[in-house]
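Visitor: For reference, the sequence and a predicted model appear below.
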Amino acid sequence: MIRAGSNKYFKIRHCLSLWQQQEACKTAKAEINRHADEWNKRISAGLPAFDEAVFPLALAADALVTVIYTMEQKSVLPEEAQRLIESYLQSKTCEEIISQGLADNQLRMYIHFVCQTVMNIMAESIHREEVSKSWRKNICPACGSAPALAYYDDNGKRKLVCGTCTTHWQFKRLSCAACGEESHNNLRTLECGGECPGWSVQVCKTCHGYLKVADLRELAQAPDWILAYVSTLPMDFAAERWLSENF
């Protein structure tokens, strides 16, 4: 697990930002954008834009080669990087790389950020503003993943944040994002106070799920959602403790 505020996190993000400026990545983005019309039609039909079947493994492998070299000064062939990503997506390990001195948890962290970046590139090709207004499901309109966070925008509307590609979309303000429960009696908001100002946790008594929510009207600026997920971990512990004590 990478710590909130960790220099390693920012170094990885900076590395991936520079990688996106490379010509090979720009060319790949143009190719991905060719699918935009098809993906937006899928969304209009009530389906997520894309799934793992269209994930650009070669592009992700190129990014992983860059990240591993930058972070570990180790050279990995593109074919090896692609096998690593495939193994990660199948929840496996890749022994030949680990045996070279790269720990499995480190490797998974790099691959996670690489896949997240590539999925975000794919999601950028859809009409996000239009989707945010029309999509009302509790899964991401881009990749079909579950939300990891939520927030109230400047107008008080609640939006969900995808845990995989960080796409945002509007959702009912009073409804469990996991099971759809809408009864006020079964939904509760836990305020975080001084520990995480501007944040709260919405807890559902029906499915025993919860979601961390930021109120942008109380924050100086919109957070880095990836970093926010980690930096608000104390809220997860508090929500899980509350659920265990009340159910």
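Guide: Received, thanks.
Visitor: Just after the longest helix along the chain, pick out the following helix or strand.
Guide: Criterion DSSP state H: the longest helix present in the chain is helix 104-123. Using DSSP states H and E, the helix or strand that follows helix 104-123 in sequence is helix 128-134.
Visitor: Dump that following helix to PDB, restricted to CA.
Guide: Only the C-alpha atoms of helix 128-134 are listed here, as PDB (Å, rounded to 0.1, in the frame of the first residue of the first chain):
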ATOM      1  CA  ARG A 128     -18.200  12.900 -20.000                       C
ATOM      2  CA  GLU A 129     -20.300  15.900 -19.400                       C
ATOM      3  CA  GLU A 130     -23.300  14.500 -21.400                       C
ATOM      4  CA  VAL A 131     -22.800  11.100 -19.800                       C
ATOM      5  CA  SER A 132     -22.800  12.600 -16.200                       C
ATOM      6  CA  LYS A 133     -26.200  14.100 -16.800                       C
ATOM      7  CA  SER A 134     -27.900  11.100 -18.500                       C
END
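Visitor: ok so, going back, report all helices and strands that the longest helix of the chain contacts.
Guide: Judged by 3 or more C-beta pairs under 8 Å, 6 or more residues apart in numbering; DSSP states H and E, helix 104-123 is in contact with helix 7-20, helix 23-33, helix 57-72, helix 78-89, helix 95-98. In short, each C-beta sits where N, CA and C put it, glycine included.
Visitor: Buried residues in the second one, which are they?
Guide: If I follow you right, that is helix 23-33. Neighbour-count burial for helix 23-33, counted by 16 or more other C-beta atoms under 10 Å, picks out C25, A28, K29, I32.
Visitor: now the longest helix of the chain, how far from the centre of its chain.
Guide: Here helix 104-123 is found 9 Å from its chain centre; the criterion is C-alpha atoms, centre = their mean, to the nearest Å.
Visitor: if we can go back for a sec, okay, the helices and strands packed on helix 104-123 in a markdown table with distance to L174 and mean pLDDT next?
Guide: Output for these, formatted as a markdown table (distance: least, C-beta to C-beta, whole Å; pLDDT from 0 to 100):
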| stretch | distance to L174 | mean pLDDT |
| --- | --- | --- |
| helix 7-20 | 34 | 93 |
| helix 23-33 | 36 | 93 |
| helix 57-72 | 38 | 95 |
| helix 78-89 | 35 | 90 |
| helix 95-98 | 47 | 63 |
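Visitor: Determine which of those approaches L211 most closely.
Guide: helix 7-20 (22.7 Å; C-beta to C-beta).
Visitor: Pull out the buried residues from that closest one.
Guide: For helix 7-20, by 16+ other C-beta under 10 Å, it's Y9, I12, C15, L16, W19, Q20.
Visitor: Next: stretch 103-123.
Guide: Quick answer for stretch 103-123 (16+ other C-beta under 10 Å): 106-107, 109-111, 113-123.
Visitor: Need the max-distance pair from the residues you listed.
Guide: Q106 and A123 (26.1 Å).
Visitor: Endpoint to endpoint, stretch 30-49 covers what distance?
Guide: Its first and final residues considered, stretch 30-49 spans 17 Å by C-alpha to C-alpha, to the nearest Å.
Visitor: Could you list the residues in contact with it?
Guide: Applying C-beta atoms under 8 Å, 6 or more residues apart in numbering, the contact partners of stretch 30-49 are 50, 54, 56, 121-123, 125-127, 131, 134-135, 137, 139-144.
Visitor: If you rank every helix and strand of the chain by mean pLDDT, what lands last?
Guide: In the chain, no helix or strand scores lower on mean pLDDT, DSSP states H and E than helix 95-98, which sits at a mean of 63.
Visitor: about what we covered before: quick one, the longest helix of the chain and helix 23-33 angle?
Guide: With axes from the mean of the first three to the mean of the last three C-alpha atoms, to 10 degrees defining the directions, helix 104-123 sits at 50 degrees from helix 23-33.
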